[in-house]
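1. Dropping the sequence and predicted coords here.
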Amino acid sequence: MTETKESVFETLSKIDVSNHVDVIKMKSGFNPKYVSWSWAWNYVKSHYPDTPTPKFEKFPEMVLKTHLQEYNTKYGKRYKKVVDSWEMTGRAVPYLTTTTGTMVTCTVHIDSNDYTESLYVMDNSNNAVIDPDQAQINKTQKRCLVKALAMAGLGLNLYAGEDLPMGDISEQDKKKQEALEKAKQAKEKADQEKNEKLNQQYRELIDKSVEATGKDVVTIEEGIKKLAKSKRPNFDSLSNAVRKSMLIEILQQTLKKRKTTEQQNLEEVS
């Protein structure tokens, strides 16, 4: 029998990358986690040796002319780049420059599949960088490569906020779902047994009421339902088990009261 080959995602999503994680320290907010790009690339190449060099999409080069603008914060004066003008050079570069920030797009081809991701150049406050230098662009390209590999499964759990590999998470989800299904079936079985017990008790009390009063079943049921609705106006909207329990309680009280009355009558006669 031919064994089914695991997909790239099934293979890579099971890999524990916890010992190869870089944390980007931010001034505020969350601290992004990335798998070490050199380890990630080495791992992919060792398992899929035919994987070609990652491709970074090229865009028309835009050169920005900027100046630093001063602004005040509660921490004092700060400066930000403001775009004065821009021009297109006619060249193609592996990043997209806009007046609001710069973005890179990386595609990795693994085992006949393309995995593509984009990432903007950010500062240590997680804000888009206007007119970044080449060092900032290079770092972003490496992080974007890691994101593309995450699309293939490697280290995807970091973006899901989980500590376990996605393969383990999927297995946990499967077990959790199975446990929920078992609990649901157990509850349904318990509810069914409870309803059967209530129905049996109800029928026995109805038979006793017929014998004690000489009235027919329909008359007795109409009477106890009317009494139940007077106590609980929303009687008809209650669950079957709750309605049946109320009717049983009324029948028990009625029979007990009738028995007490009969005993008192006997005592008076005697």
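-> Ah, there it is.
2. Asp114 contacts Cys106, doesn't it?
-> No - under the criterion of C-beta atoms under 8 Å, Asp114 is not in contact with Cys106, lying 10.7 Å apart. For every residue, glycine as well, the C-beta is placed using N, CA and C.
3. I would like the residues contacting the strand ranked longest in the chain, please.
-> For the chain, the strand with the greatest residue count under DSSP state E is strand 76-93. For strand 76-93, the external contacting residues (C-beta atoms under 8 Å, 6 or more residues apart in numbering) are 58-72, 99, 130-131.
4. Adjacent strands (with direction) for that strand?
-> In the sheet, strand 76-93 lines up against strand 59-73 (antiparallel) (DSSP bridges).
5. pLDDT averaged over the partner strand - what is it?
-> In this model, strand 59-73 has an average pLDDT of 93.
6. Show me which of the contacts of strand 76-93 are buried.
-> Phe59, Met62, Leu64, Ile130, Asp131 (16 or more other C-beta atoms under 10 Å).
7. wait, isn't the third one in contact with Thr98?
-> The reference is to Leu64. No - judged on C-beta under 8 Å, Leu64 makes no contact with Thr98 at a distance of 9.1 Å.
8. Now stretch 203-214 - C-alpha only, PDB.
-> Provided in PDB are the C-alpha atoms of stretch 203-214 (Å, rounded to 0.1, in the frame of the first residue of the first chain):
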ATOM      1  CA  ARG A 203     -47.800   8.400  34.500                       C
ATOM      2  CA  GLU A 204     -47.900   6.600  37.800                       C
ATOM      3  CA  LEU A 205     -49.200   9.700  39.600                       C
ATOM      4  CA  ILE A 206     -51.900  10.200  36.900                       C
ATOM      5  CA  ASP A 207     -53.100   6.600  37.400                       C
ATOM      6  CA  LYS A 208     -53.300   7.200  41.100                       C
ATOM      7  CA  SER A 209     -55.200  10.400  40.600                       C
ATOM      8  CA  VAL A 210     -57.700   8.700  38.300                       C
ATOM      9  CA  GLU A 211     -58.200   5.900  40.900                       C
ATOM     10  CA  ALA A 212     -58.500   8.400  43.800                       C
ATOM     11  CA  THR A 213     -60.900  10.900  42.100                       C
ATOM     12  CA  GLY A 214     -62.700   8.800  39.600                       C
END
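9. Please spell out which residues along that stretch are buried.
-> Neighbour counts over stretch 203-214 (16+ other C-beta under 10 Å) mark Leu205, Ile206, Ser209 as buried.
10. who's in contact with the closest residue to Pro52 other than its chain neighbours?
-> Take Pro52 and drop its neighbours on the chain: the residue closest to it by C-beta to C-beta, 6 or more residues apart in numbering is His109, 5.7 Å away. Applying C-beta under 8 Å, 6+ apart to His109 gives the contacts Thr51, Pro52, Lys55, Tyr115.
11. No further questions, thank you.
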